[in-house]
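**Student:** Return a 3D structure for these sequence lines:
(2 chains)
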Amino acid sequence: MKGFFILILSCVAAGGVFAQELFPSSEPASTLPKGVWAVRATFRNYEEYSQPRNYYAVRAIYGVTPKLSAYFTVSVSNHHLKRYPEDLNNYFLNHHTPAQVVKYPYQLEGFNLYTQYRFFSRDGKNSHFRMAVYGEAGKSLAAHDEAEPYLTGDNSGFGGGLIITRLIHRLAVSATTGYIYPLAYREKYRDLSVLSGQAFSWGLQLGYLAFPRQYKDYDDLNVNFYLEVFGKTYGDSQISVNGALYDISPVASLQGSS
Amino acid sequence: MKRCVFALWIGLTLIAGHVQAQFVSARLDLAGLTCSLCSKSVEKSIRQLDFVENISTDLNSNLSEVVFKPGKKVDISALAQKVYDAGFSVLSLTATFDFSRQAMDDAHSFAFANDRYIFVQDKQEFLNGKVAFRFVGSKFLSRKEYKDWEKKLPQPADDRKFVHTYFVTL
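**Tutor:** Down below sits the predicted model:
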């Protein structure tokens, strides 16, 4: 519907992180060293029928203890309106079509607080097996309108999950599974609420330290390759106006415009 | 006057010649990491300790050599903890102690700076000069190796007199 991501950029400044596990879009089970700050900047861009859609996020991460890390994310995007237009039916039916795709303003999209606790570690020489649980809460300031929930900007809500990561020499393999419980977006003046579906998510990440083959010193450039696969199943979204479920249908749209 | 200067000279010579018993260095075998960023974070963590003079790490073998500041109290437990604080583990910790004609007590142990060191293997009567010994404990060994040791470790009765009681082997 929205087209596809053409660019995802992520960069990290950190005191201590695993090169092979610096997945651009997900977290490994490993946590940050105690007392260390890290900053991650993310930029995503895609085009929706020639309208560029950009997303910028800055994530500050802090190692509270060796096993507990806290993440705070702020995101800005031009993905949404601040409020829905008056004609809801037309908007929901047509705003992703070439004829009615519009330019949205840049706005502060939302905040996210995420904490991760590493509860299992088995470290070996050049290897580890680790497991962590995470919990997150998101606050969105945008009028998001899709069934798929996303707690780093689009939706307010809560989430949690499990991460399992195995590092063997140069290769890191990580699996993530999570659950998202979104909260409704509301417009009080017309008693409108839009609730995305609850979601189960999963992801599989691979990271490979390709270079250097042998370290000479700390200035050697680490070159890593990453592959990430994600999936999410989610329920239907519910739109309600004045306490009643709002039915979006082409028929209603035709009636409304005639 | 001459006598006084001579006495001072003798005194200085004695001070200079006296070897103060102390930890000199330690060697850490690190676990759970492969990349240089990880080793760097361990180094940064260990450098925060006020008794650490320098640390260098072989990035391919992940063996770290830590040099201690002369005259500063060395806390071996804190040294290992810094590796865990950085998110990694210790496979082996060996420290070199410069002994000054140290006799061991009946329990094959010696006390130094409020800590006690008990030899659980390769028991010694007397140590002099630089001696490297390996620490035995859950923080200092792999889980598997510590399990093998756990049942063999003695339970010293007068533990409370010391800040730390360490088990060591040559």
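**Student:** contacts and neighbour counts: CA atoms only from here.
**Tutor:** Will do.
**Student:** so which helix or strand takes in B:Lys82?
**Tutor:** helix B:76-85 (DSSP states H and E).
**Student:** buried set for that helix?
**Tutor:** B:Ile76, B:Leu79, B:Ala80, B:Gln81, B:Lys82, B:Val83, B:Tyr84, B:Asp85 (16 or more other C-alpha atoms under 10 Å in any protein chain shown).
**Student:** Would you mind checking the average pLDDT for that helix?
**Tutor:** Averaging pLDDT along helix B:76-85 gives 96.
**Student:** do the same with stretch B:138-155
**Tutor:** Stretch B:138-155 comes out with an average pLDDT of 92.
**Student:** same check, this time on stretch A:122-137
**Tutor:** Regarding stretch A:122-137, the rounded mean pLDDT is 96.
**Student:** related to what we said a few turns ago, with just CA atoms, put the helix or strand just after the helix holding B:Lys82 into PDB.
**Tutor:** Sequence-wise, the next helix or strand downstream of helix B:76-85 (DSSP H and E) is strand B:89-103. The C-alpha trace of strand B:89-103 is given here as PDB (Å, rounded to 0.1, in the frame of the first residue of the first chain):
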ATOM      1  CA  SER B  89      32.900 -12.700  31.500                       C
ATOM      2  CA  VAL B  90      36.300 -13.800  32.800                       C
ATOM      3  CA  LEU B  91      37.600 -17.300  31.800                       C
ATOM      4  CA  SER B  92      40.800 -17.000  33.800                       C
ATOM      5  CA  LEU B  93      42.500 -14.400  36.000                       C
ATOM      6  CA  THR B  94      46.100 -14.700  36.900                       C
ATOM      7  CA  ALA B  95      47.800 -12.100  39.100                       C
ATOM      8  CA  THR B  96      51.500 -11.600  39.700                       C
ATOM      9  CA  PHE B  97      52.500 -10.800  43.300                       C
ATOM     10  CA  ASP B  98      55.900  -9.600  44.300                       C
ATOM     11  CA  PHE B  99      56.500 -11.400  47.600                       C
ATOM     12  CA  SER B 100      59.000 -10.200  50.200                       C
ATOM     13  CA  ARG B 101      60.000 -13.400  51.900                       C
ATOM     14  CA  GLN B 102      56.400 -14.400  52.800                       C
ATOM     15  CA  ALA B 103      55.900 -17.500  54.900                       C
END
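**Student:** Could you report the pLDDT at B:Ala7?
**Tutor:** Reported pLDDT for B:Ala7: 53.
**Student:** again with A:Ile8
**Tutor:** Taking A:Ile8 on its own, its pLDDT is 59.
**Student:** Ok, B:Ser100 next?
**Tutor:** Among the per-residue scores, B:Ser100 holds a pLDDT of 88.
**Student:** now it: how far from B:Gly129?
**Tutor:** 6 Å (C-alpha to C-alpha, to the nearest Å).
**Student:** got it, and B:Glu145?
**Tutor:** 29 Å.
**Student:** quick one, what contacts A:Thr176?
**Tutor:** By C-alpha atoms under 8 Å, 6 or more residues apart in numbering or on different chains, the residues touching A:Thr176 are A:Gly161, A:Leu162, A:Ile163, A:Ile164, A:Ser201, A:Trp202, A:Gly203, A:Leu204.
**Student:** show me the contacts for the residue nearest the centre of chain B.
**Tutor:** Centroid-nearest residue in chain B: B:Ala95, 3.9 Å away (criterion: C-alpha atoms, centre = their mean). Counting by C-alpha under 8 Å, 6+ apart, B:Ala95 touches B:Phe23, B:Val24, B:Ser25, B:Ala26, B:Arg27, B:Ala132, B:Phe133, B:Arg134, B:Phe135.
**Student:** Of the buried residues of helix B:76-85, which are in range of chain A?
**Tutor:** The subset of the buried residues of helix B:76-85 within reach of chain A, by C-alpha under 8 Å from any C-alpha of the partner chain, is B:Tyr84, B:Asp85.
**Student:** Between the buried residues of helix B:76-85, which sits nearest B:Pro154?
**Tutor:** B:Ile76 (19.7 Å; C-alpha to C-alpha).
**Student:** how much space between that closest one and chain A?
**Tutor:** As judged by C-alpha to the nearest C-alpha, to the nearest Å, B:Ile76 and chain A stand 19 Å apart.
**Student:** hang on, the earlier thing: not counting sequence-adjacent ones, nearest residue to the residue nearest to the centre of chain B?
**Tutor:** B:Ala26 (4.0 Å; C-alpha to C-alpha, 6 or more residues apart in numbering or on different chains).
**Student:** who does the helix or strand hosting that neighbour pair up with?
**Tutor:** Under the criterion of DSSP H and E, B:Ala26 resides in strand B:22-31. Using DSSP bridges, strand B:22-31 pairs in its sheet with strand B:63-68 (antiparallel), strand B:89-103 (antiparallel).
**Student:** mean confidence score for that strand?
**Tutor:** Rounded mean pLDDT across strand B:22-31 is 96.
**Student:** all strands for the stretch 101-250 of chain A, in order.
**Tutor:** Per DSSP state E, counting those that start in this stretch, the stretch 101-250 of chain A carries strands over the ranges A:107-124, A:127-140, A:157-168, A:171-182, A:185-187, A:192-195, A:199-211, A:223-234, A:238-241, A:244-245.
**Student:** for these, which one sits closest to B:Phe167?
**Tutor:** B:Phe167 lies closest to strand A:107-124 among the strands of the stretch 101-250 of chain A, at 22.3 Å (C-alpha to C-alpha).
**Student:** Show me which positions of that closest one end up buried.
**Tutor:** Quick answer for strand A:107-124 (16+ other C-alpha under 10 Å): A:107-118, A:121-124.
**Student:** Show me which residues of chain B sit near chain A.
**Tutor:** B:30-38, B:40-42, B:59-60, B:84-89, B:91, B:142.
**Student:** which of those residues count as buried?
**Tutor:** B:30-38, B:40-42, B:59-60, B:84-89, B:91, B:142.
**Student:** that older thread, the inter-axis angle of the helix holding B:Lys82 versus strand B:63-68?
**Tutor:** Angle, helix B:76-85 to strand B:63-68, by axes from the mean of the first three to the mean of the last three C-alpha atoms, to 10 degrees: 140 degrees.
**Student:** distance between helix B:76-85 and the chain's centre?
**Tutor:** Offset of helix B:76-85 from its chain centre (C-alpha atoms, centre = their mean, to the nearest Å): 12 Å.
**Student:** again with stretch A:154-167
**Tutor:** That offset, for stretch A:154-167, works out to 10 Å (C-alpha atoms, centre = their mean).
**Student:** residue ranges with poor pLDDT in the stretch 151-258 of chain A?
**Tutor:** A:249-258 (pLDDT under 70).
**Student:** For it, what lies in contact range of chain B?
**Tutor:** A:Leu167, A:His169, A:Arg170, A:Leu209, A:Gln214, A:Tyr215, A:Lys216, A:Asp217, A:Tyr218, A:Asn222.
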